[in-house]
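Novice: Task: produce atomic coordinates for the following.
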Amino acid sequence: MNDTDSGTEARTLRINDHAPGFSARSTAGEVSLASYRGRWVLFFSHPADFTPVCTSEFIAFARAKEHFAACGCDLLGLSVDGL
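Specialist: From the prediction side, this is the model:
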């Protein structure tokens, strides 16, 4: 699989694989996976904004944010849609 934006080779991650580094624009500014090194992160993605399942999942994560924080886990969501 080829990542056409960066020209790098992409591969499917498996359990215990290290996530590849990346940075991206977000609603909170520039985000880099490296800034989460050594911390627990729940990284979730969805296929498109404003679809019923995606919307309900994001709402559930938002409602549970304090619970995740109390467990020392940050939430990081990825959307293929633009800002």
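Novice: So Phe50 versus Ser35, what's the distance?
Specialist: Counting by Cβ to Cβ, to the nearest Å, the gap from Phe50 to Ser35 is 28 Å. Using the backbone N, CA and C atoms, a C-beta is placed for each residue, glycine as well.
Novice: Pick out whichever of those two has more residues nearby.
Specialist: Between Phe50 and Ser35, counted using other Cβ atoms under 10 Å, the more crowded position is Ser35 (11 against 8).
Novice: Ramachandran coordinates for that one?
Specialist: In terms of degrees, to the nearest 10, the main-chain angles of Ser35 are phi -70, psi -10.
Novice: Same question for Gly72.
Specialist: With angles defined as degrees, to the nearest 10, Gly72 sits at phi 80, psi 30.
Novice: how deep is the closest residue to it other than its chain neighbours tucked in, by neighbour count?
Specialist: Excluding the flanking residues, the one nearest Gly72 by Cβ to Cβ, 6 or more residues apart in numbering is Trp40, at 5.6 Å. Residues lying near Trp40 (other Cβ under 10 Å) number 10.
Novice: so Trp40 sits right up against Leu75, yeah?
Specialist: No. Here Trp40 does not reach Leu75: they are 10.2 Å apart, not a contact under Cβ atoms under 8 Å.
Novice: residue boundaries of the helices in this protein?
Specialist: For the chain, applying DSSP state H gives helices covering 52-63, 65-70.
Novice: Confidence-wise, which of those is weakest overall?
Specialist: Of all those, helix 52-63 carries the lowest average pLDDT, namely a mean of 84.
Novice: Report the buried residues of that one.
Specialist: Neighbour counts using 16 or more other Cβ atoms under 10 Å place 54, 58 of helix 52-63 among the buried residues.
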